[in-house]
Structures are given as C-alpha cells and as structure tokens.
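*Asks:* A structural model of the following input is requested.
(2 chains)
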Number of protein chains: 2
Amino acid sequence: MGTLTVELGERSYPIYIGQGLLEKAGAYFEQRGLSKKSPHLIISDSNTAPLYLNKLTESLANAGYNTLTFVVEAGEKSKSLSVYEEVITAAIEGGLDRSSSITALGGGVVGDLAGFAAASYMRGIRFVQIPTTILAHDSSVGGKVGINHPLAKNMIGAFHQPELVLYDVDTLLTLPPREVSAGLAEMLKHGLIWDADFACWCQEHAQGLLALEPEALEYGLEKGCAVKAKVVSQDEKENGLRAILNLGHTIGHAIEAIAGYGTLLHGEAISIGMVGSAMLGVRLGADPSLVQETRAMLQSLRLPVVLPRELETDAIMSAMMHDKKFKEGSITFVVPLSIGQVEIRKDIPASLVREIVEQLKEV
Amino acid sequence: MGTLTVELGERSYPIYIGQGLLEKAGAYFEQRGLSKKSPHLIISDSNTAPLYLNKLTESLANAGYNTLTFVVEAGEKSKSLSVYEEVITAAIEGGLDRSSSITALGGGVVGDLAGFAAASYMRGIRFVQIPTTILAHDSSVGGKVGINHPLAKNMIGAFHQPELVLYDVDTLLTLPPREVSAGLAEMLKHGLIWDADFACWCQEHAQGLLALEPEALEYGLEKGCAVKAKVVSQDEKENGLRAILNLGHTIGHAIEAIAGYGTLLHGEAISIGMVGSAMLGVRLGADPSLVQETRAMLQSLRLPVVLPRELETDAIMSAMMHDKKFKEGSITFVVPLSIGQVEIRKDIPASLVREIVEQLKEV
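*Replies:* The predicted structure follows:
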C-alpha cells in the first residue's frame, strides 16, 4: 500500500492507495480523530452505492460510527444547485453538527458535490474522499470542490481540503472501459506537465492500465497523485503554479459544455484539449513532433484526439469566454514546451485559439 | 473619520467609519488595488438602492471602474438559494472573472448574500462591504457570510473576509426607528461581552444613539467594530473565543425562525435572547441583579425584553436543536458572569434552557 501526504501546514492530509481499504475505513476515521458522538453523512451515486456503500457503512459501524447515506443519480447532472440543496437538507435532517463529516464515495461528480456541501454546511465541516474512479485520483486531491451553473461548469465552489483520501483500487475493477480510458487521461496529464518519464511509462504500460492490473494501477495512481500533491502543496489556491494542472482544460471544459455535460466524458474532452494545447505549443515554438507524440500517448490509452465536427467553433469560443481561466480580457493557457514541461501563458489571442479549434477537427 | 484594522495576516483589512465615504468609494477601491480591467458587481436591496446606489456607482465610474448592479428585494427572504442563484447568474452574464469583486451595499442580508456569492463564485473572488444599517456593523466585520435553508438560518455559508469595509454613517440617517433600535442591540452586545464601560456608555448615550447623532454613532460603531475586530483576529474560524459574539443568539436565532424570518428583527430577537442569557447566568451563579441591569440597558435602546407568548416553547426548543451551536448532543451557550464578562459553556442541559424560555414569557 502506498501513502502520500499533501503538505499544507495545519491542513495537511494523507492519501492511502491500495487494495482492501474500504473494509478498514473505520480505522482510518479513528486515526484522523473523527468524532463518534456526531453523525457522518456519506454521499454516493446510483452506480457506486449498490457496489460499495454497504461495505463502507459496515466498516464505519463496526468502529462505532453513526452514519447516514444519501445517494444521488450518477452523472454530471447531479452537480447542480438543486441536488446540492437536497444534500444540505439531508445533512440538517440527519442532525449533522460541526463535528460531523461528509464523505464522498464515488467519482469526481460525487467528490465535487459532497465536497462543496462539506465546505459550505455550517460554514465548513470535515470532508473525506473515497474515490472509486481513476479520474477521481485527480479531483480527490487538492481541495477543489464545486457544482455547475447552467451557463458554465464549476462556477460555484470552494477550496476545501479533505481530512483524508482513501483510494481502494479494488473499487476500480468494475469501471466500464470508456471510463477507464477517460480516467487515464488525467493520469497521463500529470506526466505531461511534470514528468516525461512518467508520461512514457503510461504509454508503455497502457495495456496493463487498460486491463486494470493492480500493480500498474497502484503505481500509476501513486505517481499521478504525487505530482498533484506536490503542485497543490506549492500553490493551494491557484495563484500561479497550480494552473499547470489545467493542461487541456481550457478547450476541454468548453467542448464538454457544448457537447452537453456527460456526452463527452471529462477525460475525453481534455484528451482532445491536450492535443489542442500541443498544437498551440508548436505554434509558439515547440518542436513540431510534440503534436504527434502527444496524440500517440493519448491513443495508446484509447482516447479521442479529434474534435467532433458537429461541435460549432463559435459555441466553443463563447463557452471559453465564460471559463474561469478567462481573466481580464485574455485567455490563460497551459502551453507545453515538450513532453513533461509546460508554461502558463496569459496572453493567448482568441483568434489563435479559434484556429486551433478548427485544426482539432481535422483527422 | 475612524480607521480600524482587522488583523488576520495576509487577509487583514481596514474598516473606515465616517461621513461622506460613499463619494470616495472609487479612491478606496484604488487604494486596495482592485482591478480596473475586470467588471465589479454591486449587490443592493430594494430599500437601499434608490437612496445610495447611484452615488456609489458614480464614484466608482469616476475612478475608472466598470460596475454592474443587481438589486434584490429587501428582507431576509433574499438570503435564499434561489436569489443566490440569480446573483451567480448575474455574475456570469456580467463576465466577472477572478480579478472581479462583489460589493454589498446594504444591511446584513445583502452582506451575507453578496459575501457568500463572492466566497463561492469561481471558488472565491474579492468582496467589499458597504454597510448601510447599524446592525451591519456587526455582520460586515469578520467574514461570516451565508444564506438560509428553509429548515434553519445561516446553514449554508463560508468564512470569507472582505477586502475592505466602508462605513458611511450618512447612510444611517434614513433608517426607520425600529431598525435603529435593533441595530443598537448588537452594538450593546459588544459591550456586554467585552467592555462594561462601553455597555454603560451605550445606556447613557441611548438618546443620542436613537436620534442618530453623528458623534454618538461614530463612537459607538467604532467601539463595537473594535471589539468585533479584536475577537475575530484572535479566532477567525470560531474554534473558541469567537463564540462569545453569539451572546443571545442561541435563543435569538430560534425565536427568529419560529416567528418567521423578518417578523421579529434579528436585533429584537437577540435582545430577548440576551435577557435569557442573563437569566441563565444568574441560575449558574451570577449576581441576581444581572437580569435587571441587562433588561434596563436593552430597554433604554427601546428593545423588547419579553418573549411573545404565542411563540411555542416546543417549537423554539426544536429550532435550537438544528442550530449550529448544537454540537455533539449538548447546547453551547454564551453565559454572562457580569456586565462586560462572559464565558462559553458547552454543557447546558436542554431542560434548563426550556425553563429559561418559559421564564422569558413572563413580563
């Protein structure tokens, strides 16, 4: 089993990655000093709950914890203000107090929703992340939580660090292949922004990762989380460095919104976005091979690298203008210099981005 | 003009109290380094906006700021999730980015609502408080922001410190008498918890305060804000000391909720609550004169000191159980030892509180 620590002073917390961790959840709650007098709320989704919720509540009950559960419909639509309100209602009706916690058992949607509920319920209570997707190795570390607004994704949110992250890789074995690939997009991203060797490792071990081999998964998740933890420790609130984690996300978020949340998976959208970033990198001076290398890595993980023609460029550009990365009139982009190395550029003209969006539609 | 600083390290901020400050808002925005490239949103309410909104936007426009305004209906009902969503929609449609700010021009409702919008929009942008009520001298300092849930007040919120607080006492001159008294309840509270001399000063200068005499107001607000600033500096997130600011609020919030938000003004509800706290103090050993002294001070400010009989004790007790101050099974109370001195007690049995609630109904 691997253990990492996200170093944030008083708000530091551990990430445990391994097999059979769900059965030990009660012990981890105890270790982090969560109160046995107060009720704890577990949020899960309709796909995850039937598989793992009982195992978790049993482990907590055996350790003497009083839990309540709230199951939301699986999918991005649950990251809405109305579902958020239902969660808060459940928390109040369940009698959660300031010593209570909210746990996310599920993927990024559940983590973001439960995390924002924990961040805002009574001005903030404790939060536990138990990710059950590969994609969530990214979202469960770093404290970014939030919900969507009909006009743009993640517009409402907070920075709220978890008490602990429990990553039981056994829960990944039931993931459908398309979600496996989408999750690996974020894993590879951590290599692309920080560690060329790790990016190459992802490509070389693509078969093992896609087949969900435990050793490959544990290594890849630990490496991915370690990059994330390092970046977050240096810049918790995204005043600078942390923005590199957004590689592929400026275009990715826009196409995800335009396609309709959930049509393209988040990882698929940022896969296309990372190809766009590589194209931008080449326009700004990187070696032209960068685009082909990036594409090959993504394709080894069975990810899309071409933007569907039916997504209109105007609509994508307009969605980008509403993105949080649009600041004071210019678009901020994470631009790759080479595999494993990126820079943050705040001066990318919209006209150049439009050209890239067009270029991304060419097979 | 008085200037105070809330000392919170990187998040320290100034409070300016004086006459004619609204006309100088642009200069204060500049001084705090707010961006002239990004749009700024001003939230006000239907009572305040007709009186002061133009003055504020003109001052900001003259300094080169681009502002948008959003006016909500006056009253506690605007602290709802649906109005919050409207504010976020306005922020997105107005193109607010991470360098933008949200300003509250109004009383506590506008401050809490706009503050929570600023805390959660794009995971937090800058926030300016321009209080226009006496009551808001309390709520505008300290960073507690939030909205109500139908089941309980202030259940959804954050700690989000403002960039600056601009307190233009000229805006207080239009307050209706009932709101003046209700605001003075919080001013007196700052004396009751911290500074017996200031509590006596409030009683002695009650006529001047009720008549809104500028010198009395400036002195009282500065003293009140200073107590608040000192307490918040020592305990920003209410892990200990800060709870003393809740004197009268445990019972006060419950009766405010039961009466229906807005039926009893917040200051009126906590006035009754502070009498209850004094009764509790006496039960726990304080000098019996404490109840009469507290009552006399509140009555000098024309505040209610008796609980209306029609408010049912059962309903009040049940509302208290949902309050944030109910932690791990026991009720937390701020209990006065004498005028100017309180202690935090976490062990108050519900049966004793019930007796106090009954006693509060006796004239």
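*Asks:* so what's the spatially most central residue of chain A closest to, chain neighbours aside?
*Replies:* Nearest residue to the geometric centre of chain A (Cα atoms, centre = their mean): A:Ser139, 2.6 Å. Distances taken as Cβ to Cβ, 6 or more residues apart in numbering or on different chains place A:Gly108 nearest to A:Ser139, at 4.0 Å, with adjacent residues excluded. C-betas here are computed from N, CA, C, even on glycine.
*Asks:* and if you look at A:Gly146?
*Replies:* Closest to A:Gly146 by Cβ to Cβ, 6+ apart is A:Gly157, at 2.2 Å.
*Asks:* Also A:Met155?
*Replies:* Distances taken as Cβ to Cβ, 6+ apart put A:His149 closest to A:Met155, at 4.1 Å, once the chain neighbours are dropped.
*Asks:* residues contacting the one you found?
*Replies:* With contacts defined as Cβ atoms under 8 Å, 6 or more residues apart in numbering or on different chains, the neighbours of A:His149 are A:Leu81, A:Met155, A:Ile156, B:Glu85, B:Ile88, B:Thr89, B:Ile92.
*Asks:* okay, now the last one: neighbour count?
*Replies:* Meaning B:Ile92. Neighbour count for B:Ile92, taken as other Cβ atoms under 10 Å in any protein chain shown: 18.
*Asks:* which residues of the stretch 201-350 of chain A fall in strands?
*Replies:* Ranges of strands in the stretch 201-350 of chain A, per DSSP state E, counting those that start in this stretch, are A:326-327, A:330-338, A:341-348.
*Asks:* Show me what the second one is in contact with.
*Replies:* Same thing as strand A:330-338. A:192-193, A:196, A:243-244, A:246-250, A:277-278, A:280-281, A:284, A:286-287, A:290, A:294, A:320, A:325-326, A:342-350, A:353.
*Asks:* Please, a ChimeraX command that selects the buried ones among the contacts of A:His149?
*Replies:* Here is the ChimeraX command that picks out the buried ones among the contacts of A:His149, judged by 16 or more other Cβ atoms under 10 Å in any protein chain shown:
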select /A:81,155,156 /B:85,88,92
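*Asks:* Can you flag which of the contacts of A:His149 belong to helices?
*Replies:* A:Leu81, B:Glu85, B:Ile88, B:Thr89, B:Ile92 (DSSP state H).
*Asks:* Quick check: the closest residue to A:Leu264 other than its chain neighbours vs chain B, distance?
*Replies:* Distances taken as Cβ to Cβ, 6+ apart place A:Glu256 nearest to A:Leu264, at 5.6 Å, with adjacent residues excluded. As judged by Cβ to the nearest Cβ, to the nearest Å, A:Glu256 and chain B stand 17 Å apart.
*Asks:* how many other residues sit next to A:Glu256?
*Replies:* Residues contacting A:Glu256 under the criterion other Cβ under 10 Å number 25.
*Asks:* tell me the contacts of it?
*Replies:* A:Lys153, A:Leu264, A:His266, A:Ala269.
*Asks:* Any chance of a markdown table for those, columns pLDDT, distance to A:Ser300 and neighbour count?
*Replies:* Formatted as a markdown table, the contacts of A:Glu256 follow (pLDDT from 0 to 100; distance: Cβ to Cβ, whole Å; neighbours: other Cβ atoms under 10 Å in any protein chain shown):
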| residue | pLDDT | distance to A:Ser300 | neighbour count |
| --- | --- | --- | --- |
| A:Lys153 | 81 | 28 | 23 |
| A:Leu264 | 92 | 19 | 23 |
| A:His266 | 89 | 19 | 26 |
| A:Ala269 | 96 | 18 | 27 |
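*Asks:* tell me which of these is nearest to chain B?
*Replies:* Closest to chain B out of the contacts of A:Glu256 is A:Lys153 (11.2 Å), distances taken as Cβ to the nearest Cβ.
*Asks:* Verify the assumption that the closest one is located in a strand.
*Replies:* Yes. Counting by DSSP: H, G, I helix; E, B strand; the rest coil, A:Lys153 is part of a strand.
*Asks:* my read: it touches A:His253, true?
*Replies:* Yes. Assessed by Cβ atoms under 8 Å, A:Lys153 is found in contact with A:His253 at 5.6 Å.
*Asks:* still on that earlier bit, quick one, grab the pLDDT at the residue nearest to A:Leu264.
*Replies:* The model reports A:Glu256 with a pLDDT of 89.
*Asks:* same check, this time on A:Lys325
*Replies:* pLDDT recorded at A:Lys325 is 55.
*Asks:* end to end, how far does stretch A:257-277 reach?
*Replies:* 18 Å (Cα to Cα, to the nearest Å).
*Asks:* So which bits of that stretch are buried?
*Replies:* Using 16+ other Cβ under 10 Å as the test for burial, stretch A:257-277 gives A:257-259, A:261, A:264-277.
*Asks:* Please apply the same query to stretch A:36-43.
*Replies:* Of all the residues in stretch A:36-43, those buried under the rule 16+ other Cβ under 10 Å are A:Ser38, A:Pro39, A:His40, A:Leu41, A:Ile42, A:Ile43.
*Asks:* Pick the one among the residues you listed closest to B:Gly183.
*Replies:* Among the buried residues of stretch A:36-43, A:Ser38 lies closest to B:Gly183 (Cβ to Cβ), at 35.1 Å.
*Asks:* isn't the closest one right up against A:Ala91?
*Replies:* No. Applying Cβ under 8 Å, one finds A:Ser38 not in contact with A:Ala91, separated by 11.4 Å.
*Asks:* Contact residues of the stretch 151-300 of chain A facing chain B?
*Replies:* Counting by Cβ under 8 Å from any Cβ of the partner chain, the stretch 151-300 of chain A comes close to chain B at A:Leu151, A:Ala152, A:Met155, A:Ile156, A:Gly157, A:Ala158, A:Phe159, A:Lys237, A:Glu238.
*Asks:* For PyMOL, write a command that selects the buried ones of these.
*Replies:* Buried members of these, defined by 16+ other Cβ under 10 Å, are picked up in PyMOL with:
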select buried, chain A and resi 152+155+156+157+158+159+238
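*Asks:* can you name the two of the residues of the stretch 151-300 of chain A next to chain B that are farthest apart?
*Replies:* Greatest spacing in those, by Cβ to Cβ: A:Leu151 and A:Lys237 (23.5 Å).
*Asks:* Just to be sure, A:Phe70 is in a strand?
*Replies:* Yes. Counting by three-state DSSP, A:Phe70 is part of a strand.
*Asks:* nearest residue to it other than its sequence neighbours?
*Replies:* The spatially closest residue to A:Phe70, leaving aside those adjacent along the chain, is A:Ala90, at 4.5 Å (Cβ to Cβ, 6+ apart).
*Asks:* what about the one you found, distance to chain B?
*Replies:* 11 Å.
*Asks:* Then A:Leu96?
*Replies:* Note on A:Leu96: its distance to chain B, by Cβ to the nearest Cβ, is 10 Å.
*Asks:* quick one on the thing from earlier: ChimeraX command for the buried members of the contacts of strand A:330-338?
*Replies:* Command for ChimeraX that selects the buried part of the contacts of strand A:330-338, burial taken from 16+ other Cβ under 10 Å:
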select /A:192,193,243,244,246,247,248,249,250,277,278,280,281,286,290,294,320,325,326,342,344,348,353
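*Asks:* Please list all residues in contact with the residue nearest to the centre of chain A.
*Replies:* If you count contacts by Cβ under 8 Å, 6+ apart, A:Ser139 has them with A:Gly107, A:Gly108, A:Gly111, A:Asp112, A:Pro131.
*Asks:* run the last query once more with 10 Å
*Replies:* By Cβ atoms under 10 Å, 6 or more residues apart in numbering or on different chains, A:Ser139 lies in contact with A:104, A:107-112, A:115, A:129, A:131, A:133, A:145, A:186, A:228, A:266.
*Asks:* okay, now the domains of chain A?
*Replies:* Domain assignment for chain A by automatic domain parsing gives A:2-172, A:177-359.
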